[in-house]
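Trainee: This is a predicted model, with the sequence first.
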Amino acid sequence: MMRLHEECHRPLLVKQARFARVLELWHIEQLSTHSIAARLELSEEEVCRLIEEGEKPVAGEWQ
């Protein structure tokens, strides 16, 4: 039963790790969206979507 639970969460963990890596490369290493896309083998559109998602204010957060 635990194995099924782990398999269901694996795609979510991969997605979260990819999201975190995109934001790290964007904010800390200050790479372009084109460079991030090439490095992570993603489309530039996907990189932009992840950056925009990461910059949305969290509900209840001050702007």
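Mentor: Sure, I can see it. Since the structure is predicted, the reported quantities are computational estimates derived from the model, not experimental observations.

Trainee: which SS state does residue 49 fall under?
Mentor: For residue 49, the secondary structure call by DSSP: H, G, I helix; E, B strand; the rest coil comes out as helix.

Trainee: I meant residue 30, not that one.
Mentor: Judged by three-state DSSP, the three-state class of residue 30 is coil.

Trainee: by contact count, what packs against the top helix by length along the chain?
Mentor: In the chain, assigned by DSSP state H, the helix with the most residues is helix 2-27. Packing partners of helix 2-27 (3 or more CB pairs under 8 Å, 6 or more residues apart in numbering; DSSP states H and E): helix 33-40, helix 44-54. All C-beta spots, glycine's among them, are computed from the backbone N, C-alpha and C.

Trainee: mind listing what's buried in it?
Mentor: Buried residues in helix 2-27, counting neighbours by 16 or more other CB atoms under 10 Å, are found at 22, 23, 25, 26.

Trainee: again, but for stretch 38-52
Mentor: By 16+ other CB under 10 Å, the buried positions in stretch 38-52 come out as 42, 47, 48, 50, 51.

Trainee: Chain neighbours aside, what residue packs nearest to residue 26?
Mentor: Excluding its sequence neighbours, the residue lying closest to residue 26 (CB to CB, 6 or more residues apart in numbering) is residue 51, at 5.4 Å.
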